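S.K.: I'd like to go over a predicted model; first the sequence, then the structure.
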Amino acid sequence: MWRETLDLRINKGTKFRLFPQAPFLDPQGEPETVWVSSPVRSLRPGPSDHRMLVVDPVGKPRPYGFHRGARGNVHLYLPPWRGERQPPAEPNEEGHFDHLDPGTPQFEAAHAFGAVRFVLDIWEGYFGHPVAWHFGRDYDRLEISLFPYFDNAQAGFGFLELGADLGDDGKLQPFSSNFDIIAHEVGHLIIYSAIGIPHPDTEEGEYYGFHESAADLVALLSVLHFDSLVDGLLENSRGNLYTYNRLNRFGELSGNDQIRLASNAVKLSAFADGWSDEHDLSEPLTGAMFDIFVDVFHEELLDRALISDEVEDLADELERHPEGADLIQPFFDEAYAENPEGFRQALLDARDYLGLALARAWGRLSPHHLNYVDVGSSLLEVDRELNGGRYQRIIKKNFGWREIDFVTVGPRLLPPGKRSHAFSARTLTPEDQPAPRRLSYRERWLLAQQGG
Ligand SMILES: [Zn+2]
């Protein structure tokens, strides 16, 4: 019955070409043409519209966020970029952006915009309403800043900043063409919008672990909206999702540490004594969700009589054993060959069930004292409402296996490190001060600028 709740028909507005997998990871890969909901001819050069714009700044000195000056003074650096810019990407005569050549700055700009819009379209479908920017009181538009001198990516108050990695060949690999990374960052923006930001006295470590996990799940389910990726995934794995394939290697190959391996065996007891990196802390939760996704997929296959009860039981039993994937592969090879289209439908239904359930569950969470048990309880609640409670056993089993129901996470052991991108620049709001002191004249000036 959850299917009736979901309307994922995206208005076919404007065409973009997106790489489901970053080109430097898959040099043979071609960008896929996708439609996003922006009405045709509504997008201006940039691309830009009333909600967001891409800026390719010239001479930008540093990423947005808090910075420490030479004398130890901390100052705040926020959009908008007011300096010089590279020439923007221009739409073609029909108003689309699918005519640009990969490797050009204009393609990168269009790719970044198209990817953000593509992910928002998907998740606005799951939420059933538009995602309002959490910084909407201060900025109308998200500034998507292309900043290859930055070796990370971050989404924060009014900005989504996309850096680059230096490849082995010495060439820059911009994150503007890395769909996983963009989708992950949009995931953070979605969570800020849906849940909000805790106060210093109500924040738990699990809030940050949850954020990373949710951002990864946004990316994981979004990438499954590319037809070419779904086809490739099924052809390679024949539906045995625990085998080595593009989905559970997801992110590991993204050339960036921020996206975790969704298929992992980390339990929450690993953090009973404390934690120091929110990406590590996110793994038990992401792992539980990935396992739920695979179990739901198996249920969908059973419903369609595409696999037998015995194969499903065997798959369940072997899912924790990497060597088990090989044992079960022949059963999947045979079943998949009989009805590849049935497998595809089952996979898309598992994707959409989880996307819908997550959006609904996240919408019920509070940022204050957030913990993984609350996430599990919301998911159970949503499953009862949307699905007659059909997957209660699956959800409980997987949260239980991760020990999410009985382990308490210890304190943070180390201050946030360089890898951390969930702190400072991301969770800062104009009300925040980096230290118990008044904002400097320059900071107040910057904040005054951004209101305009
Ligand atoms: Zn992140």
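M.R.: Received, thanks.
S.K.: what helices or strands is the longest helix along the chain leaning on?
M.R.: Criterion DSSP state H: the longest helix present in the chain is helix 278-303. If you count contacts as 3 or more C-beta pairs under 8 Å, 6 or more residues apart in numbering; DSSP states H and E, helix 278-303 packs onto helix 205-223, helix 309-318, helix 340-362, helix 372-387, helix 392-401. Bear in mind the C-beta positions are built from the backbone N, C-alpha and C, glycine included.
S.K.: give me that answer again for 6 Å
M.R.: helix 205-223, helix 309-318, helix 340-362, helix 392-401 (3 or more C-beta pairs under 6 Å, 6 or more residues apart in numbering; DSSP states H and E).
S.K.: would you single out the least confident of those?
M.R.: Comparing mean pLDDT across those, the weakest is helix 309-318, with a mean of 84.
S.K.: now the angle from it to helix 278-303?
M.R.: Put simply, helix 309-318 runs at 170 degrees to helix 278-303, going by axes from the mean of the first three to the mean of the last three C-alpha atoms, to 10 degrees.
S.K.: report the buried residues of helix 309-318.
M.R.: 311-312, 314-315, 318 (16 or more other C-beta atoms under 10 Å).
S.K.: if you compare the helices and strands packed on helix 278-303, which one is most tucked away?
M.R.: helix 205-223 (a mean of 26; mean count of other C-beta atoms under 10 Å).
S.K.: distance of Gln173 relative to the ion?
M.R.: Per C-beta to the ion, to the nearest Å, Gln173 is found 18 Å from the ion.
S.K.: wait, what's in contact with that residue?
M.R.: Contacts here follow C-beta atoms under 6 Å, 6 or more residues apart in numbering; on that basis Gln173 touches 24, 164-165, 167.
S.K.: looking at those residues, which are in helices?
M.R.: Among these, DSSP H puts none in helices.
S.K.: separate out the buried members of those.
M.R.: 24, 164-165.
S.K.: ok, so of the residues you listed, who is nearest the ion?
M.R.: Set against the ion, the nearest of those by C-beta to the ion is Asp165 (15.5 Å).
S.K.: doesn't Pro91 fall inside a strand?
M.R.: No - note on Pro91: no strand contains this position according to DSSP: H, G, I helix; E, B strand; the rest coil, which reports coil.
S.K.: residue contacts, it?
M.R.: Residues near Pro91 by C-beta under 6 Å, 6+ apart: 43, 97.
S.K.: quick one, phi psi at it?
M.R.: phi -70, psi 160 (degrees, to the nearest 10).
S.K.: make JSON lines from the helices and strands packed on helix 278-303 and add distance to Gly158 to it.
M.R.: Converted to JSON lines, these look like this (distance: least, C-beta to C-beta, whole Å):
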{"stretch": "helix 205-223", "distance to Gly158": "18"}
{"stretch": "helix 309-318", "distance to Gly158": "46"}
{"stretch": "helix 340-362", "distance to Gly158": "22"}
{"stretch": "helix 392-401", "distance to Gly158": "35"}
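S.K.: and of these, who's closest to Leu285?
M.R.: In terms of C-beta to C-beta, the element of these nearest to Leu285 is helix 205-223, at 4.1 Å.
S.K.: could I get that closest one in PDB with only the CA atoms?
M.R.: Presented in PDB, the C-alpha positions along helix 205-223 are these (Å, rounded to 0.1, in the frame of the first residue of the first chain):
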ATOM      1  CA  GLY A 205      27.600  12.000  18.800                       C
ATOM      2  CA  GLU A 206      25.000   9.900  17.100                       C
ATOM      3  CA  TYR A 207      23.500  13.100  15.500                       C
ATOM      4  CA  TYR A 208      26.700  13.400  13.500                       C
ATOM      5  CA  GLY A 209      27.000   9.700  12.800                       C
ATOM      6  CA  PHE A 210      23.300   9.800  11.700                       C
ATOM      7  CA  HIS A 211      24.100  12.700   9.400                       C
ATOM      8  CA  GLU A 212      26.800  10.900   7.600                       C
ATOM      9  CA  SER A 213      24.800   7.800   7.300                       C
ATOM     10  CA  ALA A 214      21.700   9.600   6.000                       C
ATOM     11  CA  ALA A 215      23.900  11.500   3.500                       C
ATOM     12  CA  ASP A 216      25.300   8.200   2.200                       C
ATOM     13  CA  LEU A 217      21.900   6.700   2.000                       C
ATOM     14  CA  VAL A 218      20.600   9.700   0.000                       C
ATOM     15  CA  ALA A 219      23.500   9.100  -2.400                       C
ATOM     16  CA  LEU A 220      23.000   5.300  -2.500                       C
ATOM     17  CA  LEU A 221      19.300   5.500  -3.300                       C
ATOM     18  CA  SER A 222      19.800   8.400  -5.700                       C
ATOM     19  CA  VAL A 223      22.400   6.700  -7.800                       C
END
